[in-house]
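[1] Build the 3D model from these lines:
(one chain, ligands or ions: 1)
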Amino acid sequence: LPNSIEARDVAYHLHSYTDARKHEEAGPLIMERGEGIHVYDNNGKRYIEGMAGLWSVALGFGEKRLADAAMRQMEKLPYYHTFTHKGHGPSAELAEKLVSMAPVPMSKAYFTNSGSEANDTAIKLIWYRSNALDQPQRKKIISRVKGYHGVTLAAASLTGLPNNHRSFDLPMDGVLHTTCPHYRTMKKDGESEADFASRCAADLEEMIVREGPETIAAFFAEPVMGAGGVIVPPQGYWEAVQPVLKKHGILFVADEVICGFGRTGRMFGTETFNLEPDIMTLSKQLSSSYMPISALLVNENVYGPVADESARIGVWGHGYTGSGHPVAAAVALENLKIIEERDLVAHVQAISPRFMERLNQLGAHGLAVEARGIGLIGAVEFAHESLPNAGALGGRINKAMQERGLISRNMGDALAFCPPLIILEKQVDEMFDLAEAAVADVAGEIG
Ligand code: PLP
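    Predicted coordinates:
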């Protein structure tokens, strides 16, 4: 229909992560409303949102308390900024809340609007600190192949995925990517998981030594890689990597944008893996994505020199119009309150065994090559010789799941599962029943 939402969408809207010329042929899927773990499209078809949107809608769709919190703040003070010594209640309260929740000592919270901006801001803080410490040569940043840290110029450079670099002239100079800790695909013949974990740390150290340790400022990593395919690091990985960073005086930035607020079965991935980051970047489940907001937590090691430098030059010359937006901050505060009141971290721990059992069952299908996951995040990777191009089989399965009423996401041939944290055990079963049926559909088609 010429005037339908679909037609107008095709005509006017350039979509993210979409082949622009194929958008019409693929047919836009227009979502209209949501309730709990479900979303409904504009034809009234119901889907289980198996990705919690973009790994983010912790409380599910339709949590009225978040809407009420937004409305209250809208009516009281819809906007104020946080520049030049000014502020407001919600940002002060949220900063205090996040510092108090941090699993390692953190000094300050800084607010941004997206995960990408949080990581860009982290790089700027780190560079500013190097200048403050009179180490202007210490500017290089190491992240990992298949890591995902966002899409702004610096964050896209940190990201270690070809789609985020190709045709953008990225990564920018001074950003290096070390080994992806994916045991199945990266191990050498006969290498044990423990040996592989040690080798990842050795690769990192070799890169640091080759480049000159005095030139490396920071290492960025997700506790569990998300968009790179849900890669849970092998046993011993973090225990081996962190001492290398410490030895060479390199800051550690834990990108908790997906892992933060319960996803891995602890409040933060930092706790699940005993990390000691200097900076944590947070977003997504911080507000259940009801409002765009992100934050950085910085420890004294970072904050001290940054404060000294801004005193010396008179300003920390950074900030966004939306930094600490009062409506977004009020929603985040209410969201965190609900996560704590309902003890969703304990809920994730209670549900995770069933989630992992069903994930592994799907991973035992003839088309599957691996299941991997932790807490309430997982992926099953598939392969078939008739569809050798990366993503061809994954795309087929993803489409079959959508037809069956399940939203997943294929990262290449790995299908991800990251439902709202409020999911119930019987809904975990429903989700994987749909996934199994969809895989059976595709298996039937390709024989
Ligand atoms: N970091 C991680 C780990 C992410 O998964 C994402 C987004 O998926 C980002 C950063 C970027 O966040 P945003 O899309 O809000 O810029």
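[2] what's the spacing between the host helix or strand of Asn360 and its chain's center?
    In the assignment (DSSP states H and E), Asn360 maps to helix 344-363. Relative to the chain's own centre, helix 344-363 is displaced by 19 Å; criterion: C-alpha atoms, centre = their mean, to the nearest Å.
[3] List the buried residues for it?
    344-345, 347-348, 351-352, 354-356, 358-359, 362-363 (16 or more other C-beta atoms under 10 Å). No exception for glycine: its C-beta is placed from N, CA and C like everyone else's.
[4] How about stretch 19-26?
    Counting neighbours by 16+ other C-beta under 10 Å, one finds that stretch 19-26 has no buried residues.
[5] can you check stretch 270-281 too?
    270-273, 275, 277-281.
[6] Save those as TSV, and put in distance to the ligand, pLDDT and secondary structure too.
    Output for these, formatted as TSV (distance: C-beta to the nearest ligand atom, whole Å; pLDDT from 0 to 100; DSSP: H, G, I helix; E, B strand; the rest coil):
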residue	distance to the ligand	pLDDT	secondary structure
Thr270	13	98	helix
Glu271	17	98	helix
Thr272	15	98	helix
Phe273	14	98	coil
Leu275	14	98	coil
Pro277	13	98	coil
Asp278	17	98	coil
Ile279	13	99	strand
Met280	11	99	strand
Thr281	7	99	strand
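[7] re the thing from before, pull the helix holding Asn360 out as CSV, backbone CA atoms only.
    Output in CSV follows, covering the C-alpha atoms of helix 344-363 (Å, rounded to 0.1, in the frame of the first residue of the first chain):
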residue,chain,number,x,y,z
LEU,A,344,16.5,-10.0,39.2
VAL,A,345,20.1,-11.1,39.6
ALA,A,346,18.9,-14.0,41.8
HIS,A,347,16.2,-14.6,39.2
VAL,A,348,18.8,-14.9,36.4
GLN,A,349,20.8,-17.4,38.6
ALA,A,350,17.6,-19.4,39.1
ILE,A,351,16.6,-19.5,35.4
SER,A,352,20.0,-19.8,33.9
PRO,A,353,20.4,-23.6,34.4
ARG,A,354,17.2,-24.2,32.3
PHE,A,355,18.3,-21.6,29.8
MET,A,356,21.7,-23.3,29.4
GLU,A,357,20.1,-26.8,29.3
ARG,A,358,17.8,-25.8,26.4
LEU,A,359,20.7,-23.9,24.7
ASN,A,360,22.8,-27.0,24.8
GLN,A,361,19.9,-29.1,23.5
LEU,A,362,19.6,-26.8,20.5
GLY,A,363,23.4,-27.1,20.2
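[8] What are the contacting residues of the lowest-mean-pLDDT helix or strand in the chain?
    Counting by mean pLDDT, DSSP states H and E, the weakest-scoring helix or strand in the chain turns out to be helix 23-26, with a mean of 85. Contact with helix 23-26 is made by 9-10, 15, 18-19, as judged by C-beta atoms under 8 Å, 6 or more residues apart in numbering.
[9] Stretch 403-413: end-to-end distance?
    By C-alpha to C-alpha, to the nearest Å, the extent of stretch 403-413 from end to end equals 18 Å.
[10] Leaving out sequence neighbours, find the closest residue to Phe432.
    Arg358 (3.8 Å; C-beta to C-beta, 6 or more residues apart in numbering).
[11] For the one you found, give me its contacts.
    428-429, 431-432.
[12] In helices, which of these appear?
    Residues of those located in helices (DSSP state H): 428-429, 431-432.
[13] Name the nearest of those relative to the ligand.
    Nearest to the ligand, judged by C-beta to the nearest ligand atom, of the ones in helices among the contacts of Arg358 is Met431 at 20.6 Å.
[14] With His248 as the reference, measure out to that closest one.
    Using C-beta to C-beta, to the nearest Å, one obtains 44 Å as the distance from Met431 to His248.
[15] Please apply the same query to Thr272.
    Distance from Thr272 to His248, by C-beta to C-beta: 25 Å.
[16] Point me to the residue of this structure nearest the ligand.
    Of all residues in the chain, Gly115 sits closest to the ligand, at 2.2 Å by C-beta to the nearest ligand atom.
[17] need the contact list for the most centrally placed residue in the chain.
    Within the chain, one residue has its C-alpha closest to the average C-alpha position: by C-alpha atoms, centre = their mean, that is Ile258, at 3.2 Å. By C-beta under 8 Å, 6+ apart, the contact list for Ile258 reads 55-56, 222, 224, 226-227, 284, 377, 418.
[18] Make CSV out of those residues and add secondary structure, distance to the ligand and neighbour count.
    Formatted as CSV, these follow (DSSP: H, G, I helix; E, B strand; the rest coil; distance: C-beta to the nearest ligand atom, whole Å; neighbours: other C-beta atoms under 10 Å):
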residue, secondary structure, distance to the ligand, neighbour count
Trp55, helix, 6, 22
Ser56, coil, 8, 22
Glu222, coil, 5, 25
Val224, coil, 9, 25
Gly226, coil, 4, 25
Ala227, coil, 5, 22
Lys284, helix, 7, 27
Ile377, strand, 11, 28
Cys418, coil, 10, 26
